[in-house]
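In: would you be able to build a 3D model of this:
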Amino acid sequence: MKHLLLCVLCLLAIVCIPVYGQGKYTNPLPVKFGDPYVLLASDGRYYMYGTGAGAVDGFCAYSSDNLIDWKPEGQVYRGNMAGSWATANFWAPEVYERKGKFYMFFSADWKENPTNELENFRIGIAVSDKPTGPFREMSDRPLFDPGYPVIDGNLLQDSDGRLYLYYSRCCYKHPVESEVASWAREKGMFNEIEESWIYGVELQPDLSGIIGEPVLILRPPVTNEDPQAEWESRSVTTGEVNRRWTEGSYIFKKGDIYYMMYSANYFGGKNYAVGYATSKNPLGPFVKSANNPVLEKNVEKGGIVTGTGHNSVTYSKDGKQMYCVYHGRTQNTGEERVVFIDKMGVDEKGNLYVEGPNTTLQEIH
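Out: Next up, the predicted model:
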């Protein structure tokens, strides 16, 4: 009888797998992505895309019903093939659903490189009938050529139907004078400091190109008195590298305010962190928040997480709970970037917050 009861209990345990709204999990997830992006598609499932995870010249994907249990969907896009403009360094895919199609924005090296630039990144679009691909490039050229390397394309589909692309100009060959740069020279640390800046530009409705000229949205602080200077300059001030980043933007609108989240510092280092800025207009001007950074390493507070950054935002299926999806590292994962999902929100005063990095048991609502 005891054996029968035990069997019944085991069967119940198998049947009663946590479902959406009842599932619990701990970070990090068993997904080795950098730059993770999660799409909640019209079929009611979540799809995650990111950099790495074993993809060859392209990107893999995972799917989930509950943001907890992720099924590998294999490689969904591959470049560096006949007719492809993209040859190497495939980074930061983001997928958007529009009119029954799925559009993947991604960064890669452009095959047209007559001056043999070490960083020749551009942004392109691939399209598919399904969120699991196969994605095919819309053109044999990048979306546009600003004349400098660009990465981290992020799309805003505004309430009036207009489309805006945000991207990061790479640090490569972009030395910028600032008080931090002068300080680094005086200390004998670095002769120059290169910076990446975030730009925005309107897109054609059919995603065939840009409208007008890109507008500078965000950049690292110029003066040391700037309240953002300390946390955005840590990669320089710790002697890590001679670059300051403003990259990995993610924009969303809440009410009449546009919130742009962004990452600063070296993506491969412990100081990678997330801040945000707000504006009343999609192309700015944006003002950085006084409570930045909203997501950063926690090892100084007894935690195990470093290198938190390049986030996206997704929602519970009822639309009530926001989640911040980002990559980080732990003492156990070493240099491998892995995915974290933490609750986030905007309080009654309009302040954005992220409840992370969290490595304790938590629940998906």
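
In: need the next SSE after the least confident helix or strand in the chain by mean pLDDT, C-terminal direction.
Out: Ranked by mean pLDDT, DSSP states H and E, the helix or strand of the chain with the weakest confidence is helix 2-15, at a mean of 35. Downstream of helix 2-15, the first helix or strand assigned by DSSP states H and E is strand 24-25.

In: check what contacts that next one and list those residues.
Out: Applying CB atoms under 8 Å, 6 or more residues apart in numbering, the contact partners of strand 24-25 are 18, 67-68, 341, 361-364. Where you see a C-beta, it was placed from the backbone N, CA and C, and this is true even at glycine.

In: any idea which helix or strand comes after it?
Out: Scanning onward from strand 24-25 (DSSP H and E), the first element met is strand 33-40.

In: paired strands for the very next helix or strand once past that next one, with orientation please.
Out: Tracing the chain past strand 33-40, the next element assigned as helix or strand by DSSP H and E is strand 46-52. Partners of strand 46-52 in the sheet, by DSSP bridges, are strand 33-40 (antiparallel), strand 58-64 (antiparallel).

In: would you format the contacts of strand 24-25 as CSV with pLDDT, secondary structure and neighbour count included?
Out: Output for these, formatted as CSV (pLDDT from 0 to 100; DSSP: H, G, I helix; E, B strand; the rest coil; neighbours: other CB atoms under 10 Å):
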residue, pLDDT, secondary structure, neighbour count
Pro18, 30, coil, 14
Leu67, 97, coil, 23
Ile68, 97, coil, 18
Ile341, 98, strand, 25
Leu361, 96, coil, 9
Gln362, 95, strand, 17
Glu363, 93, strand, 12
Ile364, 90, coil, 21
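
In: relative to Val313, which of the strands paired with strand 46-52 is closest?
Out: Closest approach to Val313 among the strands paired with strand 46-52 is made by strand 33-40 (8.2 Å; CB to CB).

In: CA atoms only: put the closest one into CSV for me.
Out: Extracted in CSV, the C-alpha atoms of strand 33-40 (Å, rounded to 0.1, in the frame of the first residue of the first chain):
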residue,chain,number,x,y,z
PHE,A,33,23.3,34.1,-24.6
GLY,A,34,24.9,37.5,-24.7
ASP,A,35,22.6,40.4,-25.5
PRO,A,36,19.3,38.5,-24.9
TYR,A,37,16.1,39.7,-26.5
VAL,A,38,12.6,38.2,-25.7
LEU,A,39,9.6,38.5,-28.0
LEU,A,40,6.1,37.7,-26.7
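
In: pull out the buried positions in it.
Out: Within strand 33-40, the residues scored as buried using 16 or more other CB atoms under 10 Å are 33-40.

In: quick check, nearest of the contacts of strand 24-25 to Phe267?
Out: Taking the contacts of strand 24-25 together and measuring to Phe267 by CB to CB, the closest member is Ile341, at 18.9 Å.

In: now for that closest one: which residues touch it?
Out: Per CB under 8 Å, 6+ apart, neighbours of Ile341: 25, 27, 29, 38, 67, 323-325.

In: show me which of those are buried.
Out: Counted by 16+ other CB under 10 Å, the contacts of Ile341 give 25, 27, 29, 38, 67, 323-325 as buried.

In: export the residues you listed to CSV and tack on distance to Ile304?
Out: Listed next are those as CSV, based on distance: CB to CB, whole Å:
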residue, distance to Ile304
Tyr25, 17
Asn27, 10
Leu29, 15
Val38, 23
Leu67, 22
Tyr323, 21
Cys324, 18
Val325, 19
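
In: between those residues, which is nearest Leu165?
Out: Leu165 lies nearest to Val38 out of the buried ones among the contacts of Ile341, by CB to CB, at 19.3 Å.

In: read off the pLDDT value for that closest one.
Out: Model confidence at Val38, expressed as pLDDT, equals 98.

In: that one reaches Val325, doesn't it?
Out: Yes - using CB atoms under 8 Å, Val38 makes contact with Val325 at a distance of 4.9 Å.

In: give me the common contacts of those two.
Out: 48, 312, 314, 341.

In: mind putting these in CSV, distance to Pro205 included?
Out: Listed next are those as CSV, based on distance: CB to CB, whole Å:
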residue, distance to Pro205
Met48, 27
Ser312, 23
Thr314, 25
Ile341, 32
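
In: coming back round to it: and which of the buried residues of strand 33-40 is nearest Ile251?
Out: Tyr37 (13.0 Å).

In: let me know whether my guess that Glu230 is in a helix holds.
Out: Yes - judged by DSSP: H, G, I helix; E, B strand; the rest coil, Glu230 forms part of a helix.

In: quick check, pLDDT for it.
Out: Looking at Glu230, its pLDDT stands at 98.

In: Gly83 now?
Out: pLDDT, read off for Gly83, is 94.

In: what of Gly334?
Out: Gly334 is given a pLDDT of 86.

In: and for the one 10 residues further on?
Out: With respect to pLDDT, Met344 has a value of 98.

In: where's it, which helix or strand?
Out: strand 338-346.

In: partner strands of that strand and their direction?
Out: Here strand 338-346 has these sheet partners by DSSP bridges: strand 322-330 (antiparallel), strand 352-354 (antiparallel).

In: format these as JSON lines; extra columns: distance to Ser84 and mean pLDDT.
Out: Formatted as JSON lines, these follow (distance: least, CB to CB, whole Å; pLDDT from 0 to 100):
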{"stretch": "strand 322-330", "distance to Ser84": "26", "mean pLDDT": "98"}
{"stretch": "strand 352-354", "distance to Ser84": "36", "mean pLDDT": "98"}
